[in-house]
Every structure is written in C-alpha cells, then in structure tokens.
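Trainee: next input, structure requested:
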Amino acid sequence: MKLLPRNLTAPKSDDMFGRGVDIALTVALLFGVGLALDRWLGTAPIFMIGMTLLGAVGFFAKFKYQYDAAMDEHEAARLERINAGRTEDRHE
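Mentor: Numbering: from 1, shown residues only. A predicted model of the protein is given here:
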C-alpha cells in the first residue's frame, strides 16, 4: 500500500459526509410525509412525489446559493490580492 506524502492535506470528508447524510435524511423524511399524506387522503402518489421533489429542489437551490456566495468571496479575495500587488509595485 502506497502512502501519501505528509505535506499533502486530505480534503475534509466530514463536511461532505454530513451534507450527504443531511440530504438523504431530509429527502427520506419528506418522502415519508408524502406517503403518509397519500395514505391518509387516499390519493395517488401525488404528495409522495411532490414532497420528494420539493426536498431535492430545495437542497439544489441551497447548494447553488452557497456556491455562488463562496465564489463571490473568492473573487473578492482575488481582486484584493491583485490590487494589493499593484499598489506595492507603485510604491517601489
């Protein structure tokens, strides 16, 4: 078995694992709520499908907004580094 060099850092899998579990449990819970509503109201799997889609679309939107916010922060930091480099060149 080949080991990675010590200077490489592994990605934080705890955060991604937590997000995955969060998605799975929430979508499963909404699926169950939809199934219970369908049985109680005697409908076809309308609520089951609707609640599952609601959960999936909700998480997609949440992650999209989080991604956009993170990219805005990265872009601001990059522009700040660029501007700091230009001001240092002018002072030298």
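Trainee: residue closest to the middle of this structure?
Mentor: The residue lying closest to the centre of the chain (Cα atoms, centre = their mean) is residue 63, at 3.6 Å.
Trainee: for the strand or helix carrying that residue, the averaged confidence score.
Mentor: Using DSSP states H and E, residue 63 sits in helix 46-91. What helix 46-91 shows for mean pLDDT is 89.
Trainee: thinking again about what came up before, what's the spacing between the residue nearest to the centre of the chain and residue 34?
Mentor: Distance, residue 63 to residue 34, by Cβ to Cβ, to the nearest Å: 22 Å. Quick note: C-beta positions are derived from backbone N, CA and C, even for glycine.
Trainee: same deal with residue 73?
Mentor: To residue 34, residue 73 is 36 Å away according to Cβ to Cβ.
Trainee: neighbour count: those two, which is higher?
Mentor: A direct count of neighbours by other Cβ atoms under 10 Å for residue 73 and residue 34 places residue 34 higher, at 22 against 10.
Trainee: run a quick neighbour tally on residue 41.
Mentor: By other Cβ under 10 Å, the residues close to residue 41 number 10.
Trainee: name the nearest residue to it, sequence neighbours excluded.
Mentor: Nearest residue to residue 41 in three dimensions, chain neighbours excluded: residue 47, at 7.4 Å (Cβ to Cβ, 6 or more residues apart in numbering).
Trainee: contacts only, for the one you found.
Mentor: Counting by Cβ atoms under 8 Å, 6 or more residues apart in numbering, residue 47 touches 33, 34, 35, 37, 38, 41.
Trainee: just the ones of the residues you listed in strands?
Mentor: Within these, no residue falls in strands by DSSP state E.
Trainee: just send the residues you listed back as a markdown table, with distance to residue 83 and pLDDT too.
Mentor: Putting the contacts of residue 47 into a markdown table (distance: Cβ to Cβ, whole Å; pLDDT from 0 to 100) gives the following:
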| residue | distance to residue 83 | pLDDT |
| --- | --- | --- |
| 33 | 51 | 95 |
| 34 | 51 | 96 |
| 35 | 55 | 95 |
| 37 | 55 | 95 |
| 38 | 57 | 95 |
| 41 | 60 | 94 |
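Trainee: thank you kindly, that will do.
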